[in-house]
Structures are given as C-alpha cells and as structure tokens.
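Model the structure of this input:
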Amino acid sequence: MPHMRWMVFVCVMGLLVNCAPPPSADTRGASATVVPTPVASNQSSVPTDAALVATPGADANTAAPQALPLGDGKFSQTGQQGYIYACSTRISNEGAFASGAWLDEKNKVWYPDLKPSVDGQVWWEAASVTIDVAGATRTISSNALPENHPTGIFPVQNSDDAYQYDRNPNTISVQQILYQLPQMPQPSNAVSCLPPGIIGVALTGVPFYNGFDEGGRDAVAHEIQDDCDGHPQQQGQYHYHSVSACVDTKPDDAGHPALIGYALDGFGIYAANTGNATLKTADLDECHGTVSEVVWDGAVVNMYHYVATADFPYTMGCFRGTPVQSNATNGAGGPPAPGGPPPRRP
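All right, here's what the predicted structure looks like:
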C-alpha cells in the first residue's frame with residue numbers, strides 16, 4: 001500500500017507539470033536590454049590598484065592595463081636615449097601634489113588608462129594659427145589656443161576628481177607666439193639642451209613643452225591634463241607635454257607618418273605610427289628622432305625628424321639642429337619680462 005500511494009503521488013505531480021502554462025510571450029525568446037550607466041568624462045571606468053598586479057586564475061581574455069616607464073629624474077648632461085638634456089634642472093614643489101592608482105613609483109611605471117583627466121569641453125572661437133613658407137623660412141604664428149579641439153575647464157574645479165591630485169589654478173589665455181624657422185633644417189655639430197618652456201609648436205597652434213614638470217618628474221605621468229592632453233602654465237599658456245589625443249596621428253596610405261608639429265630648430269615632429277609599426281623610444285636616437293621617409297612640404301623626402309611616442313620623453317630629448325628664439329615682442333612666446341616671475345611649467 002505505501003508503494004501504491006507513492007505511485008499515485010508521482011503521477012499527479014507529472015500531470016501538474018505537463019499542464020503548466022508556457023512562459024509569457026513578453027519574455028520568451030527575448031534578451032534583456034542593458035542600459036549603460038553614464039560615466040562622467042572625469043571618472044575612470046577601469047579597475048583600481050588591485051588590477052595593476054596580475055593574479056593567478058585571472059580571465060586570460062582580460063587585457064592588463066598598459067604600463068609605461070616613468071621618466072622621473074631622467075636628466076642628462078648631454079644627449080642620451082630615453083633622457084632629456086634639459087637646460088634647467090631647477091626643482092620646485094609646484095604641480096601635482098598627489099597620485100593615484102595610475103602611478104606605481106616603487107616599480108617606476110605608470111598606467112595611462114587608469115589616469116583621470118580634467119573635466120570640460122571648452123571651444124575657443126578666437127583660436128588662430130598660420131604656418132607659411134616663403135623661400136628658406138617657415139613662419140609660425142599662433143595665439144596658443146587650440147584651433148580644432150576643446151580644452152578642459154581651468155582653473156580645475158573643486159568638483160572635478162582631478163582636484164584631488166592637481167589643483168591647477170591657472171586660467172587659459174591668449175598668447176603671442178611667432179617663430180621663423182628654417183624651411184630645410186640641418187643637423188648641428190652638437191646637440192643642444194631643451195628649455196623649460198616652448199620647444200616646438202603643434203599644427204593646432206599649441207606649444208610643446210618638454211617632458212618634465214617643475215619637480216623634475218615625468219609631467220605626462222604625474223600631472224593631470226585635459227582629454228586633449230593639455231593644460232595651462234602660470235602665465236596662461238596652454239601647452240602639451242606629449243602628442244595630443246585630439247590630433248590625427250594616422251599615417252597616409254603609403255605608410256608615411258603624420259606631421260603633428262615643428263620643433264624650434266625647424267625639424268618636424270611626427271606621429272609614431274608608420275602603418276607597419278609604432279615606434280618607441282628604444283627605436284630612436286638621443287634626441288628622440290630618426291631618419292626615414294616623410295612627407296615634407298608636399299614632397300616625400302628622406303630626412304631627420306622627431307617622433308612623438310607614447311613613452312618618455314614623448315616628443316624630444318634634445319635639439320638635433322639649432323633652435324631659434326621667439327620673434328614675439330611680448331607674451332609667453334618669449335622670455336619673461338625683467339623682474340617678472342619665471343614661467344611655470346606644470
């Protein structure tokens with residue numbers, strides 16, 4: 001009898017299951033729609049410190065953050081690959097005062113994908129840059145405002161997460177920049193040092209500074225720039241320490257790298273992407289340059305040029321040619337006025 005009661009119970013349950021209604025038509029065969037949570041431009045969506053160290057059993061398909069070597073203290077007394085031959089080694093405490101998950105100073109590396117940026121999308125209608133060639137002279141005139149990309153909001157707002165690390169108090173302002181460079185530059189007998197201010201000018205009209213901040217540290221790694229990799233110094237001059245993420249670095253169909261600016265000795269500064277390879281500091285000479293085919297004033301020539309890499313010193317390590325002085329009568333393009341403060345290089 002107990003056995004018979006058990007058989008009846010199983011049969012009844014089977015009937016109940018078989019008679020259950022089908023899934024609702026609203027959900028059957030449909031996948032959930034995931035609405036992404038908006039992430040503010042200043043917020044990092046990447047992992048924190050724990051992601052910087054590979055752990056056994058981690059998902060093999062998850063790419064580790066890119067690590068770049070820190071350039072802190074890489075001063076040279078002459079040209080040296082991977083170093084900056086700097087005219088001034090004055091050290092101060094200005095600039096960024098704190099660091100976060102993107103910096104691993106113990107192992108002397110940093111992680112650009114983990115680094116925050118300054119908030120804001122400010123466009124500058126007054127931006128102006130002209131680059132003209134007449135005979136043997138290339139004339140570059142700019143007001144130092146980016147002509148074709150926005151900047152962040154400076155001074156850095158206290159609501160910005162960048163404020164936790166770098167409270168840049170400077171306001172971007174119009175500057176006068178005027179340089180007359182040799183159209184066909186020539187290498188000099190000896191390399192020369194890079195000043196703490198302008199070392200070149202991008203096609204956007206924005207100046208390039210060398211790769212150090214005021215503390216002799218890697219400026220790109222330590223200081224917080226905006227989404228286009230720029231920020232202003234004490235006198236309001238907006239500038240880059242590396243190639244801007246907002247400029248076109250795609251090579252042409254023949255694999256010639258993109259021209260992104262001119263150094264003050266007249267040589268071109270080109271992107272690292274050649275189509276077949278992406279150059280790094282180890283591929284370049286002591287001034288961060290090389291000789292290869294490039295497009296120069298509309299013609300393909302084999303000539304010396306600097307290369308803007310992802311790794312330190314980013315654009316230049318020294319001048320291969322003879323740098324010129326600014327032709328500006330005043331403004332941040334030239335030397336500071338007598339008795340005035342030295343230019344701050346954040």
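
okay, now G135: neighbour count?
Residues lying near G135 (other C-beta atoms under 10 Å) number 6. C-beta coordinates here come from the backbone N, C-alpha and C atoms, glycine included.

who's in contact with it?
Q183 (C-beta atoms under 8 Å, 6 or more residues apart in numbering).

Quick check on it: phi, psi?
Backbone torsions of G135, given as degrees, to the nearest 10, read phi 60, psi -120.

What of Q164?
Dihedral pair for Q164: phi -70, psi -20, per degrees, to the nearest 10.

What separation do you get for the residue lying closest to it once chain neighbours are set aside and K108?
Nearest non-adjacent residue to Q164, counting by C-beta to C-beta, 6 or more residues apart in numbering: A98, 6.3 Å away. Per C-beta to C-beta, to the nearest Å, A98 is found 18 Å from K108.

Tell me which of those two has more neighbours.
Comparing A98 with K108 by other C-beta under 10 Å, the one with more neighbours is K108, at 14 against 11.

does S244 really touch D229, like I thought?
Yes. Checked against C-beta atoms under 8 Å, the pair S244 and D229 is within contact range at 4.6 Å.

These two - which one has more neighbours?
When S244 and D229 are compared for neighbours, S244 comes out ahead with 23 against 20, by other C-beta under 10 Å.

Tell me the pLDDT of the more buried one.
The model reports S244 with a pLDDT of 97.

State the phi and psi torsions of it.
According to degrees, to the nearest 10, S244 has phi -70, psi 140.

list the contacts for it?
S244 makes contacts with P146, H149, A202, T204, V206, C228, D229, G230, I260, as judged by C-beta under 8 Å, 6+ apart.

go again using 10 Å as the cut-off
By C-beta atoms under 10 Å, 6 or more residues apart in numbering, the contact list for S244 reads 146, 149, 202, 204, 206, 208, 225-230, 260-261, 308.

now swap in I172 and tell me
I172 neighbours (C-beta under 10 Å, 6+ apart): 122, 124, 144-146, 151-155, 226, 230-233, 236-238.

picking up where we left off before, the residue nearest to Q164 touches D161, doesn't it?
No. Using C-beta atoms under 10 Å, A98 is not in contact with D161; the gap is 11.5 Å.

What residues of stretch 156-174 count as buried?
Neighbour counts over stretch 156-174 (16 or more other C-beta atoms under 10 Å) mark 156-157, 160-163, 165-168, 170, 172-174 as buried.

What is the most widely separated pair among those residues?
Across the buried residues of stretch 156-174, the longest distance by C-beta to C-beta is 28.5 Å; it joins D161 and V174.

Identify the contacts common to S244 and D229.
Counting by C-beta under 10 Å, 6+ apart, the contacts common to S244 and D229 are H149, V206.

Look up the pLDDT of the residue nearest to D226 when sequence neighbours are not counted for me, please.
Spatial nearest neighbour of D226, excluding adjacent residues (C-beta to C-beta, 6+ apart): G152 at 3.0 Å. Confidence at G152, expressed as pLDDT, is 98.

which residues touch G152?
Residues near G152 by C-beta under 10 Å, 6+ apart: 41-42, 117-122, 160, 162, 168, 172, 224-228, 230-232, 238.

Can you tell me how far it is from H305?
Distance, G152 to H305, using C-beta to C-beta: 30 Å.

likewise G79?
Relative to H305, G79 is positioned 16 Å away (C-beta to C-beta).

ditto for E147
Counting by C-beta to C-beta - E147 and H305 are separated by 22 Å.

swap in S88?
Taking C-beta to C-beta as the measure, S88 and H305 are separated by 25 Å.

higher neighbour count, these two?
Neighbour totals were compared for S88 and H305, and H305 leads with 21 against 16 (other C-beta under 10 Å).
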